[in-house]
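Novice: Show me how the following folds:
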Amino acid sequence: MNIKLLFGAIASFGMITLSSLPAFARDAVLSTRFADSTVNLRSTPSATALVRGFGVRGDRVRLLDQRVGTNRNRWYYVQTYRSGIEGWVDGTYIQPINGAGMGGPREPVTVNASDRRFLVNDYEVRIYTRNGETRLNAFNRRTNRTELRGEPVSVRRSSDGVTYTGRNAVFFLNNNGERTLSIY
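Specialist: You can find the predicted model right below:
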């Protein structure tokens, strides 16, 4: 059966990396030094990027992605529960919520340049290198099944972003933060 899925999601950037799948969709709260301060949600992980909206101290957010920003801080792509607005927040304004029954705060995710993970709607996509070859995994969160495992992909960089092309899939990371996954 030939199935083509095309998904686009706003999130950000080029090479975002997470060390483990549970790092996705974690909850956190926005934290500020002063009670009446707001936290800007930006279009890209940069303090000079366009502001999409804002949150206030104590707002609960869902962490969807991360990357190192232009200021070399870790930035998180979040969605607020209160308004549903999505955007990038400097990690200094993110306070993890203790994992239920885990006895304390969750460990922070780590950045690893050779292992990058992304959320694209119902999919978790992993781009990694094994024996010098770039590969792609695609896990369908809705069906709880890995649809692509270790698919070799070619990497093509352009002025618009990066395209990973394999025999059964194409994954595109737009410089403006859009992601597209097509599975054949």
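Novice: alpha carbons only for contacts and neighbour counts from here, please
Specialist: Will do.
Novice: Next, count neighbours for Leu119.
Specialist: 22 (other Cα atoms under 10 Å).
Novice: From Ala49, how far off is it?
Specialist: In this structure, Leu119 and Ala49 are 22 Å apart, going by Cα to Cα, to the nearest Å.
Novice: Flag the shaky bits of this protein, pLDDT-wise.
Specialist: 1-25, 98-115, 176-177 (pLDDT under 70).
Novice: for it, longest strand please?
Specialist: Identified as the longest strand of the chain according to DSSP state E is strand 145-157.
Novice: ok, then the element right after that one?
Specialist: Tracing the chain past strand 145-157, the next element assigned as helix or strand by DSSP states H and E is strand 161-166.
Novice: Give the pairing partners of that following strand; include direction for each.
Specialist: strand 145-157 (antiparallel), strand 169-174 (antiparallel) (DSSP bridges).
Novice: can you put those strands in CSV and add distance to Thr80 and mean neighbour count?
Specialist: CSV is the format used below for the strands paired with strand 161-166 (distance: least, Cα to Cα, whole Å; neighbours: other Cα atoms under 10 Å):
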stretch, distance to Thr80, mean neighbour count
strand 145-157, 28, 15
strand 169-174, 23, 21
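Novice: With distance to Gly87 added, can I get those in CSV?
Specialist: Compiled in CSV, those are given as follows (distance: least, Cα to Cα, whole Å):
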stretch, distance to Gly87
strand 145-157, 24
strand 169-174, 15
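Novice: Looks like Ile85 contacts Asp59 (just checking).
Specialist: No: at 11.7 Å, Ile85 does not count as touching Asp59 under the criterion of Cα atoms under 8 Å.
Novice: Any idea how many residues pack against Arg82?
Specialist: Neighbours around Arg82, by other Cα under 10 Å: 10.
Novice: In a strand, it, correct?
Specialist: No: under DSSP: H, G, I helix; E, B strand; the rest coil, Arg82 sits outside any strand and is assigned coil.
Novice: how close does it sit to Gly53?
Specialist: From Arg82 to Gly53 the distance is 12 Å (Cα to Cα).
Novice: what do you get for Val29?
Specialist: Counting by Cα to Cα, the gap from Val29 to Gly53 is 16 Å.
Novice: Compare these two and say which is more crowded by neighbours.
Specialist: Shown here are Val29 and Gly53; by other Cα under 10 Å, Val29 has more neighbours (20 against 17).
Novice: Now that one: closest residue in space, sequence neighbours ignored.
Specialist: Counting by Cα to Cα, 6 or more residues apart in numbering, Arg60 is the residue found nearest to Val29 once chain neighbours are left out, at 4.4 Å.
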